[in-house]
Each structure stands twice: as C-alpha cells, then as structure tokens.
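>>> here are the coordinates; sequence isn't available:
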C-alpha cells in the first residue's frame, strides 16, 4: 500500500535503548488514502510516541469497509525502497501487480511479502468480488547490509494452530510451535491471533524481542492493560511470555508483531526508507523522472497511471527518535 498523503511527514527513526513501562498503548490517527471516495486507514506506526517495533516501521489498519460506500482500494503504481511490505487481510481481495512481473491476489489468511530494497513499484486494487475490505498493511525496514536487496515476492498460507484459549496463524517467524518458511532480513514475528470469549492466554516469546499487539476486534488486555480496537500495545524486550486476555464474552482478534530492537537510524518519507535526506531526494528524483531503478507495472488500467511523488519539505529532514523510557 502507498502512503498517498498530500503532505507526508518526514521521520528519522532510531531504536530505543533505555528502559520503559511494561505496556505502552499507542493510539492511531486517521489517514485518508486517495480521492473523495477513498478508504481511510488507522495508522499506529510511525508516530511521535514510537517509530519502530523491531524492524516493523509502519502499520496501517483498515476496515471493515463496505466498498460500495467507501470506494475500496485503488492505489496506482508507486515506488518503495529499503523495505519489505507485508499484506494481511481479514476479508476482501486485493489484486497486486509489481515491477518484478508478479501478478498475485491478496486473500484473507494468506501472506504476501514484497521486497523493495534497491527499488520496486507496485499497484493495489480491490477486486470486483470484494464486498467488505478489512486488513492491515505493514512495512519492515531493511538493515543496512540488505537495503539494496533485489526485488522479490513471497507468498505463504500458514496453517491454523490451536492452543488453549486461542487459535493463531503465524505468517512470519515462530510462535506456539509453528514456524513460517518466509525469509526476512532481520529476526521478526508476525501472527494473527483469535482469542476465545473470556480467555486468558500466556504465550512464550523471545525475551530478546520487543512486541506490538495491534487489536482488530474486541477489548484485549495485554499484561492487564486494556487495549481498544485499532490501538497498538508495545511491550519492551525482556518479557519471556505475553499475557493476553479477552475481556468480553465474544471472540477477539489481534495481530502480534515482534522483532529484535532495530539498532540503525532510518529516514522515512512518503514510500521511501533511506539513511538521510539527500538519499531521499535522490529516490524522489529517480521516481519522478521514471528511472529504471523502480521498473514499471504492467496491466494497471486506472488513473493516474503512476503516483507522482509529493514535494519535499523546505528543510533538511531532522532526526525523530523514540522518547527516553
């Protein structure tokens, strides 16, 4: 998914290195994507309170949206650098096309991971079969040694794993005895978890990871702290288990993210992840000049045929860091 804000903010992100509270709740902000009938997403990463959770650097949560009213998703070809995109749906269907020649469908419970290291572009369009569109779009920052990785696309359908009080689909990393075969450039965890009514689940996790719990539906408590739908709870490194409680008599659903704290500073602007202002300027110029760095998407028929990069701010991008804990 593209970040198509008219005036995108710039971010200079760094890992947090000091201690913090057991649970930190991040509230989302609403971001409209596209024109007057476009969908609105709820963005929890990045923001002032936190820029990264592991290498996870961007999290949009959207729907459930009736596409007859909200207009669905139609994002024209747009570029990416220095990151991987992770698409995960709860309902609906999205047609993906990219400049590596991949034409694929994003469907509920199926992981689509695209690597846009040195440069890639892609389009995303909800299909005519879609009635309700509902899911998350996530980005992973690539470490410096791999940020020029070639274009790639991986697809995986994880099995559903049952544990007392919950079921889950592990799409990245390892959890509850399930492991994803999908390769990443830093240690990561990604899973959809459904909690049964009134259930409490304690999941063993890697204590070297920091974790984020993005609640989709229901009221979930993370180590006793309530987290509302669309909020993201952060738990710092050191926890060997995560305690998740469904506060209601109805099922609850969440997305669990995790990773080793990212020890590199990155600059995020529009759809680019880089290492400094000048590099972002070069990426923008290369995209707007239709450089071969990003390639071309075949088969997209919407308008415009590609998204132009917005104007850069009249200032050098300044550092943006996670606050001291």
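It's in. Since we're looking at a predicted model, the values are computed, not measured.

>>> Which stretches in the stretch 1-150 of the chain count as strands?
Listed in chain order, the strands of the stretch 1-150 of the chain (DSSP state E, counting those that start in this stretch) span 10-13, 24-26, 29-32, 40-45, 56-66, 74-80, 83-91, 94-98, 103-106, 111-116, 120-126, 132-141.

>>> between those strands, which gets nearest to residue 273?
Checking those against residue 273 by Cβ to Cβ gives strand 83-91 as the closest, at 4.6 Å. Glycine gets a C-beta too; all of them are placed from N, C-alpha and C.

>>> tell me which residues of stretch 173-188 are tucked away?
For stretch 173-188, the neighbour count (16 or more other Cβ atoms under 10 Å) marks 173, 175, 176, 178, 180, 182, 184, 185, 186, 187, 188 as buried.

>>> nearest to residue 149, of those residues?
Residue 149 has its nearest neighbour among the buried residues of stretch 173-188 in residue 185, at 6.9 Å by Cβ to Cβ.

>>> tell me the SS of the closest one?
For residue 185, the assignment made with DSSP: H, G, I helix; E, B strand; the rest coil gives coil.

>>> got it, and the one 4 residues further on?
Assigned with three-state DSSP, residue 189 falls in the strand class.

>>> Show the pLDDT at it.
Here the pLDDT value assigned to residue 189 is 98.

>>> swap in residue 53?
At residue 53, the pLDDT value in this model is 96.

>>> Who does it form a beta bridge with?
Beta bridges link residue 53 to residue 56, judged by DSSP bridges.

>>> ok, residue 127 - contacts?
Contact criterion Cβ atoms under 8 Å, 6 or more residues apart in numbering gives 93, 94, 95, 105 as the residues in contact with residue 127.

>>> what about 10 Å?
Counting by Cβ atoms under 10 Å, 6 or more residues apart in numbering, residue 127 touches 67, 72, 73, 92, 93, 94, 95, 105, 106, 107, 133.

>>> Show the contacting residues for the spatially most central residue of the chain.
Centroid-nearest residue in the chain: residue 138, 1.0 Å away (criterion: Cα atoms, centre = their mean). Residue 138 sits next to 1, 45, 56-61, 83-88, 113, 172, 190, 212, 214, 255, 257 when contact means Cβ under 10 Å, 6+ apart.

>>> and residue 268, what element?
Element membership for residue 268 (DSSP states H and E) is strand 266-269.

>>> Sheet partners, orientation included, of that strand?
Next to strand 266-269 in the sheet, as set by DSSP bridges, lie strand 10-13 (antiparallel), strand 272-274 (antiparallel).

>>> what mean pLDDT does the longest one have?
Pointing back at strand 10-13 there. 60.

>>> re earlier: for the buried residues of stretch 173-188, which one is nearest residue 26?
Distances from residue 26 to the buried residues of stretch 173-188, taken by Cβ to Cβ, are shortest for residue 188, at 18.7 Å.

>>> thinking again about what came up before, can you redo the strands of the stretch 1-150 of the chain as a markdown table with distance to residue 152?
Shown next, in a markdown table, are the strands of the stretch 1-150 of the chain (distance: least, Cβ to Cβ, whole Å):
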| stretch | distance to residue 152 |
| --- | --- |
| strand 10-13 | 23 |
| strand 24-26 | 30 |
| strand 29-32 | 27 |
| strand 40-45 | 23 |
| strand 56-66 | 18 |
| strand 74-80 | 12 |
| strand 83-91 | 8 |
| strand 94-98 | 10 |
| strand 103-106 | 13 |
| strand 111-116 | 4 |
| strand 120-126 | 9 |
| strand 132-141 | 13 |
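
>>> Which of those strands sits closest to residue 251?
Residue 251 lies closest, by Cβ to Cβ, to one member of these: strand 83-91, at 12.4 Å.

>>> Report the distance from stretch 230-247 to the chain centre.
Distance of stretch 230-247 from the chain centroid (Cα atoms, centre = their mean, to the nearest Å) equals 18 Å.

>>> And stretch 214-221, by the same measure?
Using Cα atoms, centre = their mean, the mean C-alpha position of stretch 214-221 is found 17 Å from that of the whole chain.
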